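generate coordinates for the sequence data below:
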Amino acid sequence: MLVSMQGALESGLLYALMALGVYITFRILDFPDLTVDGSFTTGAAIGTVMTVNGTAPWIAVLCAFAGGAIAGTCTGLLHTKGKINGLLSGIIMMIALYSINLRILGKPNVSLRGQENLFSNVSTLVVMIIFVVVVKLVLDLFFRTDLGLSLRATGDNSRMIRSFGANTDVTTIFGVALSNSLVATSGALVAHYNKYADNSMGIGMIVIGLASVIIGEAIFGSRTIFRATLAVILGSIIYRIIYAFALRVEWLDASDMKLITAVIIIFALIIPTIRRTWKQKNIAKRRTAEMLASLDIIQPGGGR
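Next comes the predicted model:
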């Protein structure tokens with residue numbers, strides 16, 4: 001049980017970077033980016049192939065970061081300069097990346113077994129805690145800069161920010177590139193952790209990322225950037241813990257995990273609505289009680 005919980009914690013931290021990338025596009029930019037399914041594999045492919053060919057693992061991960069940024073930039077350019085719908089831009093790039101990733105890998109899957117990887121001779125949990133905390137703090141600081149504030153404003157009200165002279169095309173492209181660079185980095189780390197890269201390993205990543213974001217926000221809230229990024233990271237960990245518990249249920253198979261993910265997302269979306277409704281009912285009851293109490297106080301002195 002402890003081993004499975006440690007594995008869930010490690011997986012949660014590995015996928016937390018991907019969840020942070022999804023958070024940037026879907027929450028900060030309000031951009032429905034489906035490039036994630038392709039850029040995750042791009043990072044895994046670059047990180048694996050370069051490591052197999054003798055490149056230092058940390059350099060391979062940095063190159064995966066750059067590869068994801070390029071993929072995100074292409075999506076952003078299709079949307080801003082090509083005037084293609086954001087959702088369609090992501091779908092087009094996701095389809096293109098399937099072939100590109102296969103080209104990078106050279107075959108459907110590449111193994112890292114027998115090769116030195118980023119987690120060789122070190123604790124995966126310790127490395128990932130340090131790495132994720134550093135990335136979180138850097139993102140928190142970035143969103144307080146002028147560019148970060150412009151990025152947030154572009155997602156909130158692009159017309160308003162344009163009226164102040166900001167170039168929303170640049171901020172959109174940068175935001176999508178940053179998002180996919182984090183996603184690709186997560187892909188490279190997961191490939192090193194699993195010791196292989198597969199051309200289909202990115203399928204469904206957008207759903208997992210959204211599940212992490214929604215779970216985190218539903219439980220921990222997102223009033224500030226610091227709290228929101230922390231919620232996303234914790235949401236990713238909680239999702240993986242639920243996943244690990246689900247795998248231990250005898251009548252559930254690994255093939256049922258997508259259905260479980262859908263159920264988790266449904267509950268994560270419904271719970272805030274139930275809480276909001278319950279809170280509103282309590283407020284209404286309290287106001288009604290206060291009004292009745294005030295009428296009882298006024299009536300004895302003012303009644304006839």
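
do you have the strands of this protein handy? List them.
Counting by DSSP state E, the chain has these strands, from start to end: 109-111, 196-198.

can you list the low-confidence ranges for this structure?
Scanning the chain for pLDDT under 70 picks out 1-3, 254, 298-304.

next one: Gly209 from Thr25, what distance?
9 Å (CB to CB, to the nearest Å). The C-beta positions use only the backbone N, C-alpha and C, and glycine is treated the same way.

and for Cys74?
For Cys74 relative to Thr25 (CB to CB), the value is 14 Å.

between those two, which has more neighbouring residues?
With neighbours defined as other CB atoms under 10 Å, Cys74 and Thr25 compare such that Thr25 has more, 29 against 22.

now do stretch 269-283: everything it contacts.
By CB atoms under 8 Å, 6 or more residues apart in numbering, the residues outside stretch 269-283 that reach it are Ile214, Glu217, Ala218.

the second one: what's it in contact with?
I take that to be Glu217. Ala228, Ala231, Val232, Gly235, Pro272.

could you dump these into TSV and include neighbour count and distance to Arg162?
As requested, these are exported to TSV (neighbours: other CB atoms under 10 Å; distance: CB to CB, whole Å):
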residue	neighbour count	distance to Arg162
Ala228	23	25
Ala231	25	30
Val232	30	28
Gly235	27	32
Pro272	14	32
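
between these, which is closest to Ser39?
Relative to Ser39, the closest of the contacts of Glu217 is Val232; by CB to CB it sits at 17.5 Å.

wait, the closest one sits on Ile215?
No - using CB atoms under 8 Å, Val232 makes no contact with Ile215, being 9.1 Å away.

and the gap between Ala197 and Phe226?
Distance, Ala197 to Phe226, using CB to CB: 33 Å.

if you count what's nearby, which of these two comes out ahead?
Ala197 (31 against 15).

that one and Ser186: what is the separation?
13 Å.

find residues that contact each of the two.
By CB under 8 Å, 6+ apart, no residue touches both Ala197 and Ser186.

one step back: any chance of the contacts of Glu217 in CSV, with distance to Ser222 too?
Below are the contacts of Glu217 laid out as CSV (distance: CB to CB, whole Å):
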residue, distance to Ser222
Ala228, 4
Ala231, 6
Val232, 8
Gly235, 10
Pro272, 11
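
could you identify the most distant pair in these?
Val232 and Pro272 (15.4 Å).
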